[in-house]
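**Q** sequence and predicted structure are below.
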Amino acid sequence: MSEPLVLLHPDADALVPAVAARFITSVVDAQSNGRVAQVVLTGGRVAARVYAAVADSPARSAIDWQRVEFWWGDERFLPDGDPERNETQARDALLSHVNVDPARVHPMAPDTGQGAEAAAAAYAKELTTEPVFDILMLGVGPDGHVASLFPGYPQLTVTDAAAVAVHDSPKPPPTRVSLTFPVLDRAREVWFVVSGDDKAEAVGKALAGGDVPAAHPKGQERTLWLLDQAAAQQLG
Ligand SMILES: O=C(O)[C@H](O)[C@@H](O)[C@H](O)[C@H](O)COP(=O)(O)O
């Protein structure tokens, strides 16, 4: 696995369109190799801005949206359509604006009363057939979490399941579903997309190989840290 590549941007207003442009060209590249592009989305404010920037870009028409497969790295375990769900936010910002193949959009299940463990097991079953992901996007929390893998939580050491339930999350809502580290590493490229002063300590620790979840995921071909200056201020 390659060394992380750190790409700095002046601020979030520069970072967001740059990541959107990278998203478009990376998907087009994957498709030009004859593949259905396999993309893992994440949640959070920065990610939602990136999805909207992709939707707003005239270059989006370069993508054959029927040949993109969408997955999620984690989900907030809430009822279907809840505005706080990562799926809802991705659909509102991007997926509802482009001609995706619904059969190729794989949200983690909403809360229907079945429990997060059942939702995680169902997603793990879907993932058994999935090819290697082309792009796996991750935000980073101030505590260094990625997806819904939080510092000190038992899910960090799970290696025998592709997806897990998370309870008592320090970031609301309390119940979530998350991919586990072995699956986060099944991507050609892992992109950490991070903005803001409040993430600087976590970014510094992660890139120094410190004890934070964000230090773990690595792309099989490339690991990109796509940062604004504020998030990068503790880097040497
Ligand atoms: O469900 C979630 O909240 C995300 O998956 C989470 O991992 C997020 O990406 C980070 O917390 C960064 O979020 P912000 O970009 O909003 O800071």
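**A** Here it is on my side, so go on.
**Q** how deep is residue 58 tucked in, by neighbour count?
**A** Residues contacting residue 58 under the criterion other Cβ atoms under 10 Å number 7. Glycine gets a C-beta too; all of them are placed from N, C-alpha and C.
**Q** restrict stretch 191-203 to CA atoms and write it as PDB.
**A** What follows is stretch 191-203, C-alpha atoms only, in PDB (Å, rounded to 0.1, in the frame of the first residue of the first chain):
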ATOM      1  CA  TRP A 191     -10.000   9.700  -0.100                       C
ATOM      2  CA  PHE A 192     -10.100  11.600   3.200                       C
ATOM      3  CA  VAL A 193     -12.000  14.800   2.600                       C
ATOM      4  CA  VAL A 194     -11.400  17.100   5.600                       C
ATOM      5  CA  SER A 195     -12.000  20.800   6.300                       C
ATOM      6  CA  GLY A 196     -11.800  23.000   9.400                       C
ATOM      7  CA  ASP A 197      -9.700  23.900  12.400                       C
ATOM      8  CA  ASP A 198     -11.600  21.400  14.500                       C
ATOM      9  CA  LYS A 199     -10.200  18.500  12.500                       C
ATOM     10  CA  ALA A 200      -6.500  19.600  12.600                       C
ATOM     11  CA  GLU A 201      -5.500  17.600  15.700                       C
ATOM     12  CA  ALA A 202      -7.200  14.400  14.300                       C
ATOM     13  CA  VAL A 203      -5.600  14.900  10.900                       C
END
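**Q** for that stretch, give the mean pLDDT please.
**A** Mean pLDDT, stretch 191-203: 98.
**Q** touching the ligand at all, that stretch?
**A** No - for stretch 191-203, no contact with the ligand is found by Cβ under 6 Å from any ligand atom; the gap never falls below 6.9 Å.
**Q** now that stretch: buried residues?
**A** 191-196, 199-203 (16 or more other Cβ atoms under 10 Å).
**Q** strands of this protein, start to end?
**A** For the chain, the strands defined by DSSP state E cover 5-9, 37-41, 68-72, 74-76, 133-138, 163-166, 176-179, 187-194, 222-228.
**Q** need the winner for burial among these.
**A** Most buried of the strands of the chain by mean neighbour count (mean count of other Cβ atoms under 10 Å) is strand 176-179; its value is a mean of 30.
**Q** so what does that strand touch, helix or strand wise?
**A** On a contact count with 3 or more Cβ pairs under 8 Å, 6 or more residues apart in numbering; DSSP states H and E, strand 176-179 meets strand 74-76, helix 116-127, strand 163-166.
**Q** residues in contact with the longest helix anywhere in the chain: which ones?
**A** Longest helix of the chain, by residue count under DSSP state H: helix 12-32. Contact partners of helix 12-32, identified using Cβ atoms under 8 Å, 6 or more residues apart in numbering, comprise 7, 9, 37-39, 46, 49-50, 53-54, 57, 59-60, 62-64, 67-68, 134-135, 189, 191, 193, 195-196, 226-228.
**Q** distance between that helix and the chain's centre?
**A** Counting by Cα atoms, centre = their mean, to the nearest Å, helix 12-32 is centred 14 Å from the centre of its parent chain.
**Q** where does the chain have low pLDDT?
**A** Residues of the chain that meet the criterion pLDDT under 70 lie in 1, 130.
**Q** which bits of it sit near the ligand?
**A** Contact residues, the chain versus the ligand (Cβ under 6 Å from any ligand atom): 42-47, 74, 76, 86, 139-141, 145-148, 171.
**Q** filter those down to the buried ones.
**A** Using 16+ other Cβ under 10 Å, the buried ones in the residues of the chain next to the ligand are 42-44, 46-47, 74, 76, 86, 139-141, 145-148, 171.
**Q** keep only those of the residues you listed that are in helices.
**A** Within those, residues falling in helices by DSSP H are 46-47, 86.
**Q** kind regards, and thank you for your time.
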